[in-house]
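A.B. asks: Take this sequence and fold it.
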Amino acid sequence: MPALILDRLEKRYEGHTAAAGVSLSVKDGEFVSLLGPSGCGKTTVLRMVAGLIAPTSGRILVDDRDITRLPPNRRQVGLVFQSYALFPHMTVFENVAFGLRRQGIAGAALRTRVEQALGSVRLSGLGGRMPRQLSGGQQQRVAVARSIAPRPSILLFDEPLSNLDAVLRDEMQIELKRLQREVGITTLFVTHDQTEAMSMSDRVCVLAGGVVQQFDTPEAIYHRPATGFVAGFIGKPNRLQGRLALGGDGPQAELQGGHRLPVERAEGLAAGDALDVVVRQEDISIQPLEDAAGTGLPGRIALRSFVGARVQYVVALQGGGEIIADTPTNGPQSGLAAGEEVWLGVRPQHVYATRRVGAEAVA
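C.D. replies: Residues are numbered from 1 along each chain as shown. Take a look at the predicted model:
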């Protein structure tokens, strides 16, 4: 039985729809991320599940119980805010105990539950400290402990790592994933950071304009994007424009300058259709022009940038336009220089083409 079901959930405001017919089924113990750019509706969905926003229509079910119209304190959900929302005048122990006291738990039972929650987030022995005496990562874990202490059915995270520095954010991604696995609690996690979503989640729901674009495993979303939006949002995309050409070699995207790239999937497209084409930087192989092999594009390196684990090349294409490709720092092509003639190899399965909205086909 799914632990959480969103059934055609909608939130409409005057002149704006924040969430449109969102339907999800989250398994018991599953970690699911709501991913998308600002304004896509992910936080609106989370807040409807938490009871902080009333949906215009649709249903929310937790453990097969309809909670759509219940107040937040009767939903059996825990919420971890972006700002942690710890009480600065309370000790760590009292912060974690707050929700338990509201449930009427006291005495030895209260102390046991608080200590269990602090132990789960590796903060045993710090119950007497004040929040100001903790690091940002420790405060985040206190917020998690406070949320899991009442033993909710669903744990909700509203961009909880956005206030942390890069190193601590990476550490907390591992900590939160480990905690979720150990506790086994069903988790809904909101983020605009695709690295967070892809590395932590069992499945990812990509949203745009309040509409679910794709709900699948991180691997499927990355390798088999269901829409042009997903293809252009996940990874590091190059966005190009062209028209669909059909021939004996199959469908191709004809780009500026007459260069063509093979398109593996062209369902619903016709010859001459104006296309939006996405090719991810990391899916492009770069090599000296004299070593050209396979399908691809000729160009000249305009800029080379060292970015740690990768070397990034901005390549000016013959006939106009630019494209970005990157390669591992320790790879065989990491030493190419600006001005060098190169060949950008692209496989058909890495070319994502969709009909440009509002554009007309040409004969």
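
A.B. asks: what sits up against stretch 304-318?
C.D. replies: 255-257, 259, 281, 286, 297-303, 322-329, 331, 334, 336-338, 342, 344 (Cβ atoms under 8 Å, 6 or more residues apart in numbering). C-beta: built from backbone N, CA, C; applies to glycine.

A.B. asks: Just the buried ones among the residues you listed, please.
C.D. replies: Among the contacts of stretch 304-318, those classed as buried by 16 or more other Cβ atoms under 10 Å are 255, 259, 281, 286, 297-299, 301, 323-327, 334, 336, 342, 344.

A.B. asks: Now stretch 266-273 - C-alpha only, PDB.
C.D. replies: Only the C-alpha atoms of stretch 266-273 are listed here, as PDB (Å, rounded to 0.1, in the frame of the first residue of the first chain):
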ATOM      1  CA  ALA A 266      11.300  11.700 -33.700                       C
ATOM      2  CA  GLU A 267       7.800  10.600 -32.900                       C
ATOM      3  CA  GLY A 268       5.200  13.200 -33.600                       C
ATOM      4  CA  LEU A 269       7.600  15.300 -35.700                       C
ATOM      5  CA  ALA A 270       7.400  16.000 -39.500                       C
ATOM      6  CA  ALA A 271      10.000  17.100 -42.000                       C
ATOM      7  CA  GLY A 272      10.600  20.800 -41.800                       C
ATOM      8  CA  ASP A 273       9.400  21.100 -38.200                       C
END
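
A.B. asks: mean confidence for it?
C.D. replies: Mean per-residue pLDDT for stretch 266-273: 86.

A.B. asks: do stretch 355-363 as well
C.D. replies: On average, stretch 355-363 scores 59.

A.B. asks: quick one: the helices in the stretch 101-250 of the chain?
C.D. replies: Ranges of helices in the stretch 101-250 of the chain, per DSSP state H, counting those that start in this stretch, are 107-120, 136-148, 166-183, 194-200, 218-223, 228-233.

A.B. asks: With mean pLDDT added, can I get those in CSV?
C.D. replies: Listed next are the helices of the stretch 101-250 of the chain as CSV, based on pLDDT from 0 to 100:
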stretch, mean pLDDT
helix 107-120, 93
helix 136-148, 89
helix 166-183, 85
helix 194-200, 93
helix 218-223, 94
helix 228-233, 90
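
A.B. asks: Tell me which of those helices sits nearest to Ala50.
C.D. replies: helix 136-148 (11.0 Å; Cβ to Cβ).

A.B. asks: Surely Leu240 and Ile284 touch.
C.D. replies: No - contact criterion Cβ atoms under 8 Å: Leu240 and Ile284 do not qualify, at 11.8 Å.

A.B. asks: Mark out where each domain of this protein begins and ends.
C.D. replies: 4-229, 236-355 (automatic domain parsing).

A.B. asks: Quick check: which ranges of this structure have low pLDDT?
C.D. replies: Flagging of the chain using pLDDT under 70 yields the residue ranges 1, 358-363.

A.B. asks: Look up how far Val314 lies from the residue of it positioned farthest from its centre.
C.D. replies: For the chain, the largest distance from the centre (Cα atoms, centre = their mean) belongs to Gly107, which lies 41.9 Å off. According to Cβ to Cβ, to the nearest Å, Gly107 and Val314 sit 66 Å apart.

A.B. asks: just Val45 next, same as before
C.D. replies: Distance from Val45 to Val314, counting by Cβ to Cβ: 37 Å.

A.B. asks: Look at the two and report which has more neighbours.
C.D. replies: Using other Cβ atoms under 10 Å, the more surrounded residue of Val45 and Val314 is Val45, with 27 against 15.

A.B. asks: Can you report phi and psi for the more buried one?
C.D. replies: phi -60, psi -50 (degrees, to the nearest 10).

A.B. asks: Contacts only, for the residue lying closest to Gly257 once chain neighbours are set aside.
C.D. replies: In this structure, Gly257 finds its nearest non-sequential neighbour in Gly319, 1.8 Å apart by Cβ to Cβ, 6 or more residues apart in numbering. By Cβ under 8 Å, 6+ apart, Gly319 lies in contact with Gln256, Gly257, Gly258, His259.

A.B. asks: quick one: which of the residues you listed is nearest to Gly247?
C.D. replies: Distances from Gly247 to the contacts of Gly319, taken by Cβ to Cβ, are shortest for Gly258, at 13.5 Å.

A.B. asks: and that closest one, how many neighbours does it have?
C.D. replies: 8.

A.B. asks: Pull up the gap between the residue farthest from the centre of the chain and Gly128, please.
C.D. replies: 18 Å.

A.B. asks: Roughly how far does the closest residue to Lys27 other than its chain neighbours sit from Ser25?
C.D. replies: Closest residue to Lys27 apart from its sequence neighbours, by Cβ to Cβ, 6+ apart: Pro2 at 5.9 Å. In this view, Pro2 and Ser25 are 5 Å apart by Cβ to Cβ.

A.B. asks: Now for the two: what residues contact both?
C.D. replies: Counting by Cβ under 8 Å, 6+ apart, nothing touches both Pro2 and Ser25.

A.B. asks: What is the end-to-end distance of stretch 209-222?
C.D. replies: 20 Å (Cα to Cα, to the nearest Å).

A.B. asks: Which positions in it come out as buried?
C.D. replies: Quick answer for stretch 209-222 (16+ other Cβ under 10 Å): Gly210, Val211, Val212, Gln213, Gln214, Phe215, Asp216, Pro218, Ile221, Tyr222.

A.B. asks: Including distance to Gly235, could the residues you listed go into JSON lines?
C.D. replies: Shown next, in JSON lines, are those (distance: Cβ to Cβ, whole Å):
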{"residue": "Gly210", "distance to Gly235": "23"}
{"residue": "Val211", "distance to Gly235": "21"}
{"residue": "Val212", "distance to Gly235": "19"}
{"residue": "Gln213", "distance to Gly235": "15"}
{"residue": "Gln214", "distance to Gly235": "14"}
{"residue": "Phe215", "distance to Gly235": "18"}
{"residue": "Asp216", "distance to Gly235": "15"}
{"residue": "Pro218", "distance to Gly235": "11"}
{"residue": "Ile221", "distance to Gly235": "10"}
{"residue": "Tyr222", "distance to Gly235": "7"}
